[in-house]
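1. Quick one: sequence plus predicted model below, questions after.
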Amino acid sequence: MTALHAWFATPLGRYALACEQRYIDHAVADIFGYYAVQVGMPDVPFLRESRIPWKGVVGEQGNVAVGCVPFHLPFANQSLDLVLLPHVLDFSPQPHQVLREVERVLVPEGRAVLTGFNPYSLWGMARRLKNQQCPPWQGRFIALHRLKDWLRVLSLEPAGGAFLCYRPPFEGEAWLARCAFMEDAGDRWWPAAAGVYGLEVIKRVHGMRLLTPRWQTYAPRALAVPVGSKRDGRLIHTETPDDL
């Protein structure tokens, strides 16, 4: 992830970072709770628009609140309301375990927001042609449909997302500027071919039911014995509600 952070300082990296920051700003703005955690990339304030009061960054290196690996998060079960994973799955040796940890630490109805590189795009094609020892091309580039299959096994349900970065992965700033028109065209004509995707998921706990007080209203019961009825040969007069 350190090498990826250095790549974000290049023209192509700055372009991708700007797209992802806009998406994440919008995705986290309306998520409420008490505790939010960003995993990795501590120098990028991805949680700047979050209104959750406690926000922290964890990771293996850099200026982090807690040092840890993403597949062993040092948090109690059901303790976090939001977990942010910027390209964590792309560069983790155990992406399945990362998702299991996210499911474990999220409260019921808690949210996770993640980003990843799309292998079915011009960026995915460039990955096959470029040096895969350099960032970000050495990443896994997990397909979105494959990621959704992993989520289906857990209690994490996709709840929204977006495709980002439609410009070809040119390293030069001038060529990236010339291809600015592809942003609107790509979003309309070939959305699934974007270089980066963002995904929002919710932890669903099936079988839970909200318990509420059971309020009962008692209506006046009709008297069992009518006025003037006879019992054992005697005439009985009973009072009605109008007599009370």
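-> Received, thanks. Here the structure is a predicted model, which is why all the values come from computation and not from measurement.
2. residues contacting the closest residue to V66 other than its chain neighbours?
-> Leaving out its chain neighbours, the residue that sits closest to V66 by C-beta to C-beta, 6 or more residues apart in numbering is V58, at 4.5 Å. All C-beta spots, glycine's among them, are computed from the backbone N, C-alpha and C. Counting by C-beta atoms under 8 Å, 6 or more residues apart in numbering, V58 touches V37, Q38, V39, G40, V64, A65, V66, G67, C68, L73, P74.
3. try Q97
-> F71.
4. give me the element it is part of.
-> helix 95-105 (DSSP states H and E).
5. Could you look up the SS state of D90?
-> Classification of D90 using DSSP: H, G, I helix; E, B strand; the rest coil returns helix.
6. before we move on, what SS does the residue nearest to it when sequence neighbours are not counted have?
-> Distances taken as C-beta to C-beta, 6+ apart place G139 nearest to D90, at 3.8 Å, with adjacent residues excluded. Three-state call for G139 (three-state DSSP): coil.
7. For G139, list the residues it contacts.
-> L4, H87, D90, F91, F117, R127.
8. Would you mind giving me the ChimeraX syntax to select the buried ones in the contacts of V58?
-> Here is the ChimeraX command that selects the buried residues among the contacts of V58 (16 or more other C-beta atoms under 10 Å):
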select :37,38,39,40,64,68,73
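9. Can I get the contacts of V58 in CSV including secondary structure, distance to V107 and pLDDT?
-> CSV is the format used below for the contacts of V58 (DSSP: H, G, I helix; E, B strand; the rest coil; distance: C-beta to C-beta, whole Å; pLDDT from 0 to 100):
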residue, secondary structure, distance to V107, pLDDT
V37, strand, 12, 97
Q38, strand, 17, 97
V39, strand, 17, 97
G40, coil, 21, 92
V64, coil, 22, 91
A65, coil, 19, 89
V66, strand, 19, 90
G67, strand, 24, 92
C68, coil, 19, 94
L73, coil, 14, 95
P74, coil, 17, 94
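10. Can you tell me the centre-most residue of the chain?
-> A112 (2.6 Å; C-alpha atoms, centre = their mean).
11. For the helix or strand encompassing that one, which residues meet the burial criterion?
-> For A112, the host element (DSSP H and E) is strand 106-117. Across strand 106-117, burial judged by 16+ other C-beta under 10 Å covers L106, V107, G110, R111, A112, V113, L114, T115, G116, F117.
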